[in-house]
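Visitor: generate a structure from the sequence data that follows.
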Amino acid sequence: MNVRTGLEVVASNQRHVLEGQRFALLMNQASVSRDFRYSCDVLNDEFPGQLVALFSPQHGFWGEQQANMIESDHSVYEPLGLPVFSLYSRTRRPTEESLSNVDTLVIDLQDVGTRVYTFIWTVKECLSACAQLGKRVVILDRPNPVGGTIAEGPMIQPGYESFVGGAAVPMRHGLTIGEMALLLNAESERPCRLEVVTMEGWHRDMLWPRTGLPWIPPSPNMPSPDTAVVYPGQVLLEGTNVSEGRGTTLPFRLFGAPWIEPDAVLSRLGNAPRDSGVLLQPYRFRPTFDKYRGDVCSGFQIQIIDPQRVRSFRLTVEILNVLADLYADHFKWLEPPYEYEYVKPPIDILYGSDLLRRLLAQDGPLDSCELGLACELDSTAWWARVLPHLRYAESQVCGSRSC
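Guide: Numbering: from 1, shown residues only. Purely as a prediction, here's the structure:
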């Protein structure tokens, strides 16, 4: 089945949404049409003279910057001679000056369905700025690559908000970027005028391969849809001294450290990987940058056996449980700063509270009840909360407290 993105829809049968509007566009190199044309070029051709500025999220317009406070400068998109204002620099929201000659801010970004991926928080900042300045926002929706029926991971607790979690949402949230924008805007103290151009042909149970759309990495360490499948759990490793595979060609699908013994880890994990829809293949790798640069790491490559069954958050918590117990003398939590948080440990703002860190500080491994507590999510409450903002054909969503 071929899905038509919001970009394709607005350029064809919903042209009225942008006609007569001076608009800016938030996008990056993954914002493309089915024939690989950048959305700025598509919209400039379809609405000549109306596109007046561009904005870029974390990693830059061309997605060339690495993560964690590596900022991008403002620039110019030379083919159209348009300014590109970076929203991951001295400021993370549009300024009054950058929106001065704009009626509508259009957003066309490919999200990956995980809370800590910063694009949705850039969108939140845009909604707030446009509400304050009286500007309209239009979201050109795109698929959630990990589908829209499963939610995983606990909510952020008050006091742990950050740029990798600006509202109480689960780690894997099951929403498109348009649906997330509708939720955040509705729950804002000062909502803006927001319109979402919905896709055609997308259903909630679709993973990326069924969409028929090309995959363009939306950031340097999201090279494939399979990366997005494991990311909701493996991103927790960013808060530890275990390599999450940055500096390799398989970030987040490789993990390890020089002190890990794969056979010992597998013995302790038992059936947990297969229960989570994956196989952990013992693997060695040498990162070219980031943690353990130039050193050989022993660990695993995550082989996805059944993508519909993958529950990467629970699996990664079980992996951390084993590593913290087996390698107490080596395993460590990293210190801040992390994504503009200078006090709290990175794991706390990734996870959403200090619960996981406190649980793993206990003597001995966590038992099944403690593991359940660390992964607990009231999915029924989550789906009830977001129901008014869902815009696509509803399949059955996971409604248990342990999804």
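Visitor: burial check on the nearest residue to residue 268 once chain neighbours are set aside, number of neighbours?
Guide: Nearest residue to residue 268 in three dimensions, chain neighbours excluded: residue 322, at 4.5 Å (C-beta to C-beta, 6 or more residues apart in numbering). Yep, even glycine has a C-beta here, placed from its N, CA and C like the rest. Around residue 322 there are 21 other residues, counting by other C-beta atoms under 10 Å.
Visitor: can you give the contact residues for the helix or strand hosting residue 322?
Guide: In this assignment (DSSP states H and E), residue 322 forms part of helix 312-326. By C-beta atoms under 8 Å, 6 or more residues apart in numbering, the surrounding residues in contact with helix 312-326 are 152-153, 171-172, 229-234, 236-237, 240, 242, 255, 260-261, 264-265, 268-269, 272-273, 276, 278, 331, 356, 360, 364-366, 371, 374-375.
Visitor: could you give the bridge partners of the closest residue to residue 23 other than its chain neighbours?
Guide: Spatially, and ignoring its direct neighbours in sequence, residue 23 is nearest to residue 104 (4.3 Å; C-beta to C-beta, 6+ apart). Taking DSSP bridges, one finds residue 23, residue 136 as the beta-bridge partners of residue 104.
Visitor: what about the strands in the stretch 201-350 of the chain?
Guide: Counting by DSSP state E, counting those that start in this stretch, residue ranges of the strands within the stretch 201-350 of the chain are 254-257, 278-285, 297-304.
Visitor: so what's the residue positioned nearest the centre of the chain up against?
Guide: Centrality entry for the chain: nearest residue to the mean C-alpha point is residue 117, 2.9 Å, by C-alpha atoms, centre = their mean. Contact criterion C-beta under 8 Å, 6+ apart gives 111, 219, 231 as the residues in contact with residue 117.
Visitor: go through those and flag which are in helices.
Guide: For the contacts of residue 117, the ones inside helices are residue 231, with DSSP state H as the criterion.
Visitor: now rank the contacts of residue 117 by neighbours and give me the top one.
Guide: Neighbour counts for the contacts of residue 117 peak at residue 231, which has 28 neighbours (criterion: other C-beta under 10 Å).
Visitor: how near is that one to residue 8?
Guide: Distance, residue 231 to residue 8, using C-beta to C-beta, to the nearest Å: 26 Å.
Visitor: re earlier: does the residue nearest to residue 23 touch residue 20 like I think?
Guide: No - in this structure, residue 104 is not within contact of residue 20 by C-beta atoms under 8 Å, at 9.9 Å.
Visitor: out of those two, which sits in the busier spot?
Guide: For residue 104 versus residue 20, neighbours defined as other C-beta under 10 Å are more numerous around residue 104 (21 against 9).
Visitor: how near is the more buried one to residue 125?
Guide: 17 Å.
Visitor: before we move on, the earlier item: let me know which of the strands of the stretch 201-350 of the chain is tucked in deepest.
Guide: Mean neighbour count (mean count of other C-beta atoms under 10 Å) peaks for strand 254-257 among the strands of the stretch 201-350 of the chain, with a mean of 25.
Visitor: what's the distance between it and the middle of its chain?
Guide: 21 Å (C-alpha atoms, centre = their mean, to the nearest Å).
Visitor: what lies in contact with that strand?
Guide: Contacts with strand 254-257, where a contact means C-beta under 8 Å, 6+ apart, come from 234, 237, 241-245, 248, 262, 283-285, 291-292, 297-302, 319, 330.
Visitor: number of nearby residues for residue 361?
Guide: 10.
Visitor: actually residue 363, not the one I wrote
Guide: By other C-beta under 10 Å, 6 other residues sit near residue 363.
Visitor: how confident was the prediction at it?
Guide: Per-residue pLDDT puts residue 363 at 89.
Visitor: quick one: classify it as helix, strand or coil.
Guide: Recorded secondary structure, residue 363: coil (DSSP: H, G, I helix; E, B strand; the rest coil).
Visitor: only whichever of the contacts of helix 312-326 are buried, select them in ChimeraX.
Guide: Here is the ChimeraX command that selects only those of the contacts of helix 312-326 that count as buried (16 or more other C-beta atoms under 10 Å):
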select :152,153,171,172,229,230,231,232,233,234,236,237,240,242,255,260,265,268,269,272,273,276,278,331,356,360,366,371,374,375
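Visitor: among the contacts of helix 312-326, which are located in helices?
Guide: Using DSSP H, the contacts of helix 312-326 in helices are 229-234, 264-265, 268-269, 272-273, 356, 360, 371, 374-375.
Visitor: gap between the closest residue to residue 261 other than its chain neighbours and residue 263?
Guide: Using C-beta to C-beta, 6+ apart and skipping the chain neighbours, the partner closest in space to residue 261 is residue 298 (6.7 Å). Between residue 298 and residue 263 the computed distance is 10 Å (C-beta to C-beta).
Visitor: just residue 246 next, same as before
Guide: For residue 246, the distance to residue 263 equals 25 Å [C-beta to C-beta].
Visitor: more neighbours, the two?
Guide: Taking other C-beta under 10 Å, residue 246 and residue 263 do not tie; residue 246 has more neighbours (22 against 9).
Visitor: so who does the residue nearest to the more buried one when sequence neighbours are not counted touch?
Guide: Distance criterion C-beta to C-beta, 6+ apart; nearest residue to residue 246, sequence neighbours excluded, is residue 290 at 3.9 Å. Contact analysis of residue 290 by C-beta under 8 Å, 6+ apart lists 66, 243, 246-247.
Visitor: residue 183 now?
Guide: Contacts here follow C-beta under 8 Å, 6+ apart; on that basis residue 183 touches 169, 175, 385-386, 389.
Visitor: do that again at 6 Å, thanks
Guide: Going by C-beta atoms under 6 Å, 6 or more residues apart in numbering, residue 183 touches 386, 389.
Visitor: for the record, mean pLDDT for stretch 66-76?
Guide: Averaged over stretch 66-76, pLDDT sits at 85.
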